[in-house]
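**Q** return a 3D structure for these sequence lines:
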Amino acid sequence: MTINFPGEFPSLETERLLLRQLSKEDNKAVFNNFSDEDVVRYIMQPITTIEAADEFIKAFDDEFTRKEALTWGIVLKSDNTCIGTCSLMIKPGMNAELGFDLAKTHWNKGLMSEAVRAVVDYGFQQIGLAKIEAHTLLLNSRSVHLLKRVKFQVDGILRENCFFNGRFWDEVHFSLQKKDWT
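**A** As a prediction, this is how the structure comes out:
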């Protein structure tokens, strides 16, 4: 079996969100998220220029062209504001890795859970993935809680597995099997 990677970038819709391909016009939103220390604390160093945001958008497009990943911009339907991203990075076999970020002003509203559910459902139902994985630092309690809430299972904790900000951190590995997705 092979995965069914889309030829055109798919848009997804939920009750409150539109998930769509990022465009150059989203560079300020990408900059705002990826320059916010609270948003990127556990994934990377904050970016410092709008050009860096442009480079991220181009990299997301290039990954899609190479059929390596889909990175959706998360847009509020109510005012067409881009508030984050959610991605599936294709891995060997019929698997992918989930990634996400959300503007701090939209935390604790259930929006990321809504986006993740739509992306996971697309991955299983349309792409034909067998398993979706996610990795986060153990101290990133917000992401750990989110992944558990959307039914990901803890596969294990790798002690001092991730080198970031000058030290090693414990990393939690999660997965969700298609057969467990409802």
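**Q** would you mind measuring from the residue found closest to Trp181 once you drop the neighbours it is linked to in the chain to Ile50?
**A** Excluding its sequence neighbours, the residue lying closest to Trp181 (CB to CB, 6 or more residues apart in numbering) is Phe124, at 5.2 Å. To be clear about C-beta, it is placed using only N, CA and C from the backbone, and glycine gets the same treatment. Distance of Phe124 to Ile50, computed by CB to CB, to the nearest Å: 36 Å.
**Q** and the residue nearest to Trp181, how far is that from Leu88?
**A** As defined by CB to CB, Phe124 lies at a distance of 10 Å from Leu88.
**Q** same thing with Phe152?
**A** Per CB to CB, Phe152 is found 14 Å from Leu88.
**Q** quickly list what's touching both of these two.
**A** Residues touching both Phe152 and Leu88 (CB atoms under 8 Å, 6 or more residues apart in numbering): Ile132.
**Q** which other helices and strands contact the least confident helix or strand in the chain by mean pLDDT?
**A** Ranked by mean pLDDT, DSSP states H and E, the helix or strand of the chain with the weakest confidence is strand 153-164, at a mean of 82. Strand 153-164 sits against strand 131-137, strand 167-177, with contacts defined as 3 or more CB pairs under 8 Å, 6 or more residues apart in numbering; DSSP states H and E.
**Q** what angle sits between the last one and strand 131-137?
**A** An angle of 160 degrees separates the directions of strand 167-177 and strand 131-137 when computed by axes from the mean of the first three to the mean of the last three CA atoms, to 10 degrees.
**Q** partner strands of strand 167-177, with direction?
**A** Paired strands of strand 167-177, with direction, are strand 131-137 (antiparallel), strand 153-164 (antiparallel) (DSSP bridges).
**Q** only the buried residues of it, if you could.
**A** Within strand 167-177, the residues that count as buried by 16 or more other CB atoms under 10 Å are 169, 171-176.
**Q** now the least confident helix or strand of the chain, how far from the centre of its chain.
**A** Distance, stretch centre to chain centre, for strand 153-164: 18 Å (CA atoms, centre = their mean, to the nearest Å).
**Q** which residues touch it?
**A** Applying CB under 8 Å, 6+ apart, the contact partners of strand 153-164 are 42, 133, 137-138, 148, 168-176, 180.
**Q** strands of the chain, start to end?
**A** 12-13, 17-21, 69-76, 82-91, 95-102, 131-137, 153-164, 167-177 (DSSP state E).
**Q** tell me the strands beside the second one, with direction?
**A** Put plainly, it is strand 17-21. Strands that pair with strand 17-21, judged by DSSP bridges, come out as strand 12-13 (antiparallel), strand 69-76 (antiparallel).
**Q** now it against strand 82-91, angle please.
**A** For strand 17-21 against strand 82-91, the angle by the same axes, to 10 degrees is 60 degrees.
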